[in-house]
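*Asks:* sequence first, then the predicted structure:
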Amino acid sequence: MPVPLDPVRTPAAESAAAAVDPDEVLAIARALIAARSENPGGTEDDAAAVAGELLAGIDADPEVVRGEAWRPSVVARLGGAARPSLAWNGHLDTVPAGSADTWSHPPFAGVVQGGRLIGRGAADMKGPIASALAAAAAIRRAGVELGGSLVFHLAADEEVGGLHGTKVLLDGGHLDQDAAIVGEPSELQVGLAERGGCWLTLTAHGRAAHGSTPELGVNAITAMARVLPRLSEALPDVEHPLVGRPTVNAALIQGGSAPNVVPDRCVIDVDRRVIPGETDPEQVRAPFVALIERVRQDHPEVEIEVVVREWTDAAEVEADSHIAGLTRAALAAETGAPAVDRGFTGITDARFYINDAHIPTVICGPGSLSVAHTADEWVALDDLVTAARTYARLVVGFLGA
Ligand SMILES: [Zn+2]
């Protein structure tokens, strides 16, 4: 009996990967970086226009979808048959560039130096979007007729939560594919899990008094200060093999009203990251309440309430899902090395696919999160090309030809 061909190494997959044009990948990435889309502070309209034009050029029928905030996400489809279908998601927005003089090169010029493309969004994630668009162009150029549909979801607003981007697509019924790839920078490894977040507000209540007679009041800032260095005591002893342990970070603090008044109020916002398996906000909140009780045993004047303000679920896809296996195989075919399963410490739009639409989804893209959001953000040109070839194989492998 003949050995069945590895779906990411069929002649069609090979020719699609071989048709990737490195110059095209770079040109698309530079055009996207030049189309500023800082969030907060800007919109994705210019970047959506660049991507839309490219998608129209390969007959992928781009459509701009907007929610109430009128931010643009681009939806496009390559291939004739509706099923099977594979979504490729990338966000069009970037974090702000910050002060240009902290950069060695202008953040939107797309300077290439030493094999690296430098600019805001180079890794997170206009570079990865360029790889995916170039892969689609290569599939076309190679004359490969896809056996299903590749659907692009180029979304607005990921950097501040995705509510005006992928969430709009979810609510509009666009997330109905058989599997999905989120192209966030994963150093060309296979992201299978990500952490979620629980944002808590802790409010210390004291008693105001004249600043010259503090003994007559209860200082809410001092009360909060007794709890702050002990916040990590509220973390459970749990660990996930890919994303590690939960973390806690005191992110914001407010308190007091004037230099000569004993403060009666101090508020902190706490960013508690959750791992897959942590699903109950009350279970995350309770250890903070218990911590405050322990502090009160020595300092009965401490009075702090704990409220869960916002919750985002962690997400995880099965390691033996079809899309995870194909992604590993496509990466191995291009890099010559076995791909490594990874976890993401941050939150991505993958959660909408996995948790809300129940679509098996992997995170896989060129570039490193360690340079995302920094000055001199960069991505290696070789990695952009490897990603484009990997996506081409993966798309042909998943959808057939
Ligand atoms: Zn990102």
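*Replies:* That came through fine.
*Asks:* how far out from the middle of the chain is stretch 184-195?
*Replies:* Offset of stretch 184-195 from its chain centre (C-alpha atoms, centre = their mean, to the nearest Å): 9 Å.
*Asks:* ditto for stretch 301-311
*Replies:* 28 Å.
*Asks:* show me what counts as buried in it.
*Replies:* 302, 303, 304, 306, 311 (16 or more other C-beta atoms under 10 Å). Backbone N, C-alpha and C define where each C-beta goes, glycine included.
*Asks:* the second one is in contact with residue 223, isn't it?
*Replies:* Yes - assessed by C-beta atoms under 8 Å, residue 303 is found in contact with residue 223 at 7.0 Å.
*Asks:* please enumerate the shared neighbours of these two.
*Replies:* The contact sets of residue 303 and residue 223 overlap at 204, 206 (C-beta atoms under 8 Å, 6 or more residues apart in numbering).
*Asks:* ok, back up a step: just put the buried residues of stretch 301-311 in a markdown table and tack on pLDDT, distance to the ion and secondary structure.
*Replies:* Listed next are these as a markdown table, based on pLDDT from 0 to 100; distance: C-beta to the ion, whole Å; DSSP: H, G, I helix; E, B strand; the rest coil:
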| residue | pLDDT | distance to the ion | secondary structure |
| --- | --- | --- | --- |
| 302 | 96 | 40 | coil |
| 303 | 98 | 40 | coil |
| 304 | 98 | 35 | strand |
| 306 | 98 | 30 | strand |
| 311 | 96 | 21 | strand |
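*Asks:* what is the nearest of the residues you listed to residue 106?
*Replies:* residue 311 (39.3 Å; C-beta to C-beta).
*Asks:* quick one, phi/psi of whichever residue of the stretch 51-200 of the chain sits closest to the ion?
*Replies:* At 4.1 Å from the ion, residue 124 is the closest residue in the stretch 51-200 of the chain, using C-beta to the ion. For residue 124, the backbone dihedrals are phi -120, psi 90 (criterion: degrees, to the nearest 10).
*Asks:* give me the spatial nearest neighbour of it, chain neighbours excluded.
*Replies:* Leaving aside its chain neighbours, residue 124 sits nearest to residue 372 (3.6 Å; criterion: C-beta to C-beta, 6 or more residues apart in numbering).
*Asks:* what's the answer for residue 324, then?
*Replies:* In space, residue 324 is closest to residue 362, 5.4 Å off (C-beta to C-beta, 6+ apart).
*Asks:* quick one, what contacts the one you found?
*Replies:* Residue 362 neighbours (C-beta under 8 Å, 6+ apart): 180, 181, 182, 190, 191, 192, 317, 321, 323, 324, 327, 350.
*Asks:* you'd agree the residue of the stretch 51-200 of the chain closest to the ion is up against residue 367?
*Replies:* Yes - shown here, residue 124 and residue 367 form a contact pair, counting by C-beta under 8 Å, at 6.9 Å.
*Asks:* mutual contacts of those two, please.
*Replies:* Common neighbours of residue 124 and residue 367 (C-beta under 8 Å, 6+ apart) are residue 185.
*Asks:* okay, these two: which has more neighbours?
*Replies:* Neighbour tally, residue 124 and residue 367, criterion other C-beta atoms under 10 Å: the higher count belongs to residue 367, 30 against 27.
*Asks:* residue 249: neighbour count?
*Replies:* Count around residue 249 with other C-beta under 10 Å applied: 11.
*Asks:* again but with residue 288, I slipped
*Replies:* Residue 288: 22 neighbours (other C-beta under 10 Å).
*Asks:* same question, the one 10 residues further on
*Replies:* The number of residues packed around residue 298, counting by other C-beta under 10 Å, is 8.
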